[in-house]
Every structure is written in structure tokens, then in C-alpha cells.
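Student: how would this look folded up:
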Amino acid sequence: MLRTYGSVANGADAKEDIEKSSPAPSVAVVHLPMEKPSSPPESVFERLTACLRSRDGWPWIVVVGVAASILAIPRPETVSFEGWTLLAIFIATIVAAVVQPGGLGLGPLCIMAVTIACGTGCLTINGALKDLGSKSMWLVVMAFFIARAITKSGLGPRIARRLASFAGANNPLALAYCFLFSELILAPMIPSVTARTGSIIYPLVYSAAVERDPDGSRRIASFLTLCCFQVSAVTSAMFVTAMAGNPIVQAFANNYLQNDIAMLDDDTQSLTAFNWMLGAIAPGLLSLILVPLTIYVLHPPLSQDPWLVSRTNANAKAGHLPLDAKGVDRLISDAGETRVKSLLFRATLREVIQKYGDVEGRARARAEAHLGGDWANGSSPASAAHNSPSAGKQQQQQQQSGRPWSRDEAYTLVTVVVMLLGWMGQGKIPGLMAMDATTVAFAGVSLLILSRVLLWKDVVTESAAWNTLVWLAILSGLASSLKDMGVIGYFSGKITRFFASANFEPHTGFCILSAIYVYSHYLFASCSAHMISMYMAFLGVATGLGVKPLGAALMLGYVSNIMGGLTHYATGAAPVLFGKGFVELGEWW
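Tutor: Next comes the predicted model:
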């Protein structure tokens with residue numbers, strides 16, 4: 001027993017020794033998922049709060065809230081349910097264009113508005129898209145094509161550089177006044193704002209802006225665009241022949257003055273082109289002086305290239321200053337061809353080298369080798385080839401002698417002159433020169449296509465034109481449908497009755513009346529449509545307040561043009577300028 005026990009004991013000891021000498025087998029540990037305690041379902045308030053906190057949620061809440069608020073207002077008896085619902089859809093679309101829910105642009109939002117308006121029975125699809133074939137819409141589209149031809153042919157940059165030579169290469173404010181003067185000269189001769197500003201002036205502004213702005217920096221371009229837009233509203237108000245709706249206002253006013261105002265006894269009480277200009281010339285010129293200055297303060301253009309300033313500050317922190325020849329090489333190489341060609345980069349580089357350049361002058365010499373010998377004087381580049389001192393000398397000689405005119409520039413210039421004559425002779429010269437503004441624009445684009453200045457590919461790929469046609473035609477259709485359904489007439493009558501019952505002092509009452517007339521333009525996509533809808537009603541209210549009839553007729557005629565500076569769809573020229581994308585929607589509004 002002892003032996004057996006001893007053998008067992010010895011075997012146990014041996015087994016223990018073997019277990020100690022052999023490694024222990026690895027055991028896979030499986031972590032079982034722990035069950036989370038079930039949370040109660042989220043309440044509606046919690047979901048709404050989460051949606052509001054999300055980046056894309058709150059704009060939709062605002063848009064839906066605006067529409068619901070309008071629908072919650074008791075509907076007037078004189079307005080149909082469809083008309084009141086359409087008003088909610090229209091205003092919600094305008095609000096959505098500002099807050100941009102989901103990052104959607106105006107085009108997709110307008111398509112959604114048509115879907116909702118037709119789906120709820122407010123409009124038929126034909127009624128919603130009735131303005132798609134309007135001649136005003138197609139004049140806007142043709143303006144995009146003409147602007148592209150002027151820029152593509154090189155005519156726009158040539159004229160812009162000539163104007164810049166008077167204004168100074170690095171003075172955007174003086175350049176804005178040069179374009180202002182051009183707009184003022186053309187205003188009494190061309191009765192279409194879209195043709196004048198969108199097809200002639202803005203292509204020059206675009207060329208000058210692109211030449212001065214580095215890639216990615218749009219402040220000079222947006223400054224010039226805003227100046228061009230606001231100036232066009234002022235010049236349109238200064239002359240009867242400067243805007244297509246002004247003769248309509250003149251006819252309405254004269255009919256009212258001569259038939260409804262019994263105290264007229266001489267010809268001076270009629271509204272003529274001369275007394276229209278006489279009343280507008282002083283405030284108009286003062287406004288033209290102040291508009292660029294005001295925009296310069298509120299939306300100043302960049303004075304330095306932000307990329308180069310940031311790069312210089314980084315080099316200073318890293319101890320890579322003063323700047324030598326190799327440093328200039330790196331800056332120009334990293335900046336890229338487009339930025340190097342911009343005047344803003346060249347001017348900023350001069351300041352950087354003056355402040356941080358090496359004492360020996362190697363940085364300045366290398367910059368002159370890259371950019372040309374005239375770089376130090378601030379001259380604009382004529383081409384992208386600035387890689388040797390000889391190239392700089394050739395560029396200087398070419399600028400002094402003048403670059404020869406190309407075939408495309410010559411054809412484009414002739415076409416623009418023909419269109420100018422057509423617009424100036426609109427309705428004044430019988431025959432071909434009696435064509436309306438849209439027909440003249442179609443003829444001009446046809447000539448540009450026949451001369452191969454514009455290719456059909458250029459027309460098809462001008463996405464800004466087709467995008468603008470979609471949203472502008474839809475907004476215009478919705479606005480005109482509001483008028484047809486009596487919504488505009490209801491508000492006009494409401495305002496008339498309010499002023500008839502209120503005991504306003506004439507001047508105070510007329511100021512309030514004018515403000516209501518101007519800001520109601522948010523509901524219109526055309527100044528002419530606004531004038532036709534509301535001018536006569538507001539003129540009657542103004543004379544009822546005790547304002548002199550001729551003065552009221554003139555003032556309402558002036559503000560009928562000034563209100564065109566409110567929105568990006570207010571006039572025919574506005575979509576052309578907005579469509580280039582230099583100005584954000586929030587900045588525009």
C-alpha cells in the first residue's frame with residue numbers, strides 16, 4: 001500500500017513537474033455584450049430639439065414655420081384658398097433661398113415649390129411654367145451668352161485694361177467709377193437694363209475683376225459686381241428711356257393727371273421726359289457718387305493677397321526671413337500661374353519684398369526675372385509667360401505698342417455695335433431697327449455663332465444661364481399667378497383703405513406709402529410687372545393724402561426703379577450679375 005501510494009505520489013509529483021515545465025495553454029476570453037438598459041422612446045420635443053441643433057435641420061424648420069404661419073392667418077374672403085396657399089409657398093421659397101436648407105440652391109428650391117404648388121392644386125403645371133417662354137426670360141439668357149463672347153474673344157479684357165489705365169491698376173474704387181460713368185452714358189440710349197448692364201457693362205466688370213483677383217479670392221469681383229448692380233438701379237431712375245417700364249409709368253401718370261385731376265390747366269402738369277430727368281438729375285448724381293463709397297465701406301475689396309500674407313507670416317514664425325532668391329522661387333511656384341498673374345498678388349509681393357527682402361536685393365531681382373522688369377512699377381501682366389528678363393522687356397514693348405486686334409475681337413466689337421444701334425433705335429426707326437430688345441439680342445448671338453466667336457459648346461456649357469432661366473422663370477410665374485389670383489390686389493386695396501382712414505400728414509404719409517411700395521417688390525420678379533400692378537393704386541392714395549399730383553407721380557416713378565436693387569431677381573440684369581457667383585446670397589440681400 002505504501003509502495004502503491006508512493007508510486008502514486010511519485011506519479012503525482014512527476015505530473016506536477018511536467019505541468020510546471022510545460023507552458024499553460026492559452027484560453028480565449030469571450031466578452032459577452034452587456035445588455036444596455038432600455039431607454040424610453042424619444043419624445044417629439046426631443047426629436048425637434050435634435051433637429052434644431054443639427055446644422056441642416058434648423059433651416060427647414062424656419063421655412064416650414066414661415067409657410068405654416070401664413071396659412072394660420074385667417075384667409076380674407078376675397079382671396080381663394082389656392083391663392084393664399086400659393087402666397088405661403090412663394091414667401092417660404094424666398095426664405096428658403098436665404099437660409100438654404102440642406103445647402104440647396106435657388107434652382108432646386110424653385111422646382112420643389114412648383115411641385116408643391118401643383119401637387120396641392122394651387123396651380124397647373126402650365127400655369128406654373130407660363131413665364132418660361134417669356135421674352136424677358138430669354139433676354140436674360142442671351143445676356144449670359146453675349147457676356148461670354150465678350151470675355152472669350154478678349155474684347156472685354158482689352159476695354160477693361162484701358163479703363164484701368166485711367167483708374168490706376170490697384171484702385172478698385174476708381175475702377176468702379178469708370179464703369180459707373182460708362183453706365184451713365186449708355187443709360188438714356190438703351191431702354192433695357194438687362195441689355196445695358198447685363199450684356200455690355202458687366203462683361204467688362206467681369207474681365208477687370210478676374211484679372212485683379214487671385215484664384216479663390218473674390219472680394220474685388222464682388223465689390224465691382226455690387227457697384228454695377230446698384231448703379232444700374234440709379235441710372236434707370238434718371239431717364240424715362242433708361243428702363244422699359246418707365247414709359248408705362250409715364251403713360252399711366254399722364255392719363256391720371258389729365259383725366260382724374262380736374263385742377264390741371266397747363267401743359268407743365270404732364271409728366272414729360274424732360275421734367276422726369278430734371279427731377280432726377282441732382283439726387284441721381286449724388287447717389288452715383290455715394291453708392292461706390294458706401295459699398296466700399298460695407299464690403300471693402302481686399303488690399304492684400306490673403307494667401308501670400310498667410311505664407312509670409314508662416315515664414316516669419318519659422319525663421320525663414322529675410323526673403324532671398326530661392327524664397328521668391330518657392331513663393332511663385334507654390335502660388336500657381338493664375339494667382340501669379342493677378343494684380344493683387346503682384347502688389348502684395350512688392351510690399352513683402354520691400355519689408356522682408358534681403359539687403360543684397362537678390363529677392364527683388366529674382367521677382368523681376370519672373371514677373372518682368374515693369375513689375376516694380378505695378379503694371380498688369382499681359383500674358384502668363386514671365387520667366388525671364390527678356391520676356392519682361394518683350395512684354396513692356398508689347399504693352400507700349402499695343403497688342404494687335406484678333407479676329408474674334410473685331411467680330412465681337414462689330415456685333416456689339418450693331419446690338420447697341422438696335423437697342424438705341426428700338427421703336428424709333430422703322431424696319432429692322434424696330435425690333436424689340438430680345439430680338440436684337442437673339443440676332444447678336446446668331447452673329448456671334450456664325451462668326452465662330454461662340455461655339456455651340458459654349459452655349460450649352462453656360463450653366464449659369466440655364467440655371468438662372470429655371471429659377472427666374474419659376475419665381476416670375478409664381479409672382480404673376482399671385483396677381484392673377486387677386487392676392488396682390490387684396491393687399492393693394494388694404495393699403496389704400498388704411499391710408500384713407502388714417503389721418504397722416506402728407507409728407508409723413510407719403511414716406512410710409514413709398515416704403516411700402518418699395519419693399520413690396522420682394523413679391524415681384526420684374527419692375528415692370530410691379531409698376532403695372534400697383535403704380536396707379538398708390539398714385540391715387542398719394543394724391544388723396546394731399547401730395548401734389550405731379551410730384552407724387554415722379555417720386556413713385558423714381559422708386560419704381562430704385563427698388564430694383566433689393567433682390568437677386570428684382571430686375572432682368574440682377575440674375576445675370578448674381579449668376580456669376582461672385583456675391584453670396586446673404587451678402588446680396
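
Student: Sketch out the low-pLDDT regions of the stretch 351-500 of the chain for me.
Tutor: Within the stretch 351-500 of the chain, the segments meeting pLDDT under 70 span 359-360, 373-403, 425-434.

Student: and V547, that one's in a helix?
Tutor: No. Per DSSP: H, G, I helix; E, B strand; the rest coil, V547 lies outside any helix segment and is coil.

Student: That one and P506 touch, don't they?
Tutor: Yes. Applying C-beta atoms under 8 Å, one finds V547 in contact with P506, separated by 5.2 Å. Backbone N, C-alpha and C define where each C-beta goes, glycine included.

Student: Please say which of these two ends up with more neighbours.
Tutor: Neighbours were counted for V547 and for P506 using other C-beta atoms under 10 Å; V547 has more, 20 against 15.

Student: got a pLDDT number for the more buried one?
Tutor: For V547, the model assigns a pLDDT of 84.

Student: so who does it touch?
Tutor: 506-507, 509-510 (C-beta atoms under 8 Å, 6 or more residues apart in numbering).

Student: Just the ones in helices from these, please.
Tutor: 506-507, 509-510 (DSSP state H).

Student: shouldn't M243 be in contact with S236?
Tutor: Yes. M243 is in contact with S236 according to C-beta under 8 Å; the separation is 4.1 Å.

Student: Need the overlap of contacts for the two.
Tutor: 193, 561.

Student: State the next helix or strand along the chain beyond the lowest-mean-pLDDT helix or strand in the chain.
Tutor: Using mean pLDDT, DSSP states H and E, the weakest-scoring helix or strand in the chain turns out to be helix 389-401, at a mean of 40. Next along the chain after helix 389-401, taking DSSP states H and E as the criterion, comes helix 407-424.

Student: Show the buried residues in the ones in helices among the contacts of V547.
Tutor: When the ones in helices among the contacts of V547 are checked for burial by 16 or more other C-beta atoms under 10 Å, the buried set is 509-510.

Student: Turn the ones in helices among the contacts of V547 into TSV, including distance to A552 and pLDDT.
Tutor: Formatted as TSV, the ones in helices among the contacts of V547 follow (distance: C-beta to C-beta, whole Å; pLDDT from 0 to 100):
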residue	distance to A552	pLDDT
P506	10	84
H507	11	86
G509	11	87
F510	7	88
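
Student: re earlier: from the contacts of V547, pick the one nearest I70.
Tutor: Within the contacts of V547, the smallest distance to I70 is 27.5 Å, found for G509 (C-beta to C-beta).

Student: I'd guessed that closest one sits against L545; true?
Tutor: Yes. In this structure, G509 is within contact of L545 by C-beta under 8 Å, at 4.3 Å.

Student: which residues do the two both contact?
Tutor: F499.

Student: V518 and L454: what is the separation?
Tutor: Applying C-beta to C-beta, to the nearest Å, the value for V518 to L454 is 38 Å.

Student: Oops, could you answer that again for L344 instead?
Tutor: 30 Å.

Student: about what we covered before: same drill for V518 and L454, tell me which one is more crowded.
Tutor: Legend: neighbour count by other C-beta under 10 Å for V518 and L454, higher for L454 (25 against 18).

Student: And the more buried one, how far from V99?
Tutor: Using C-beta to C-beta, L454 is found at 37 Å from V99.
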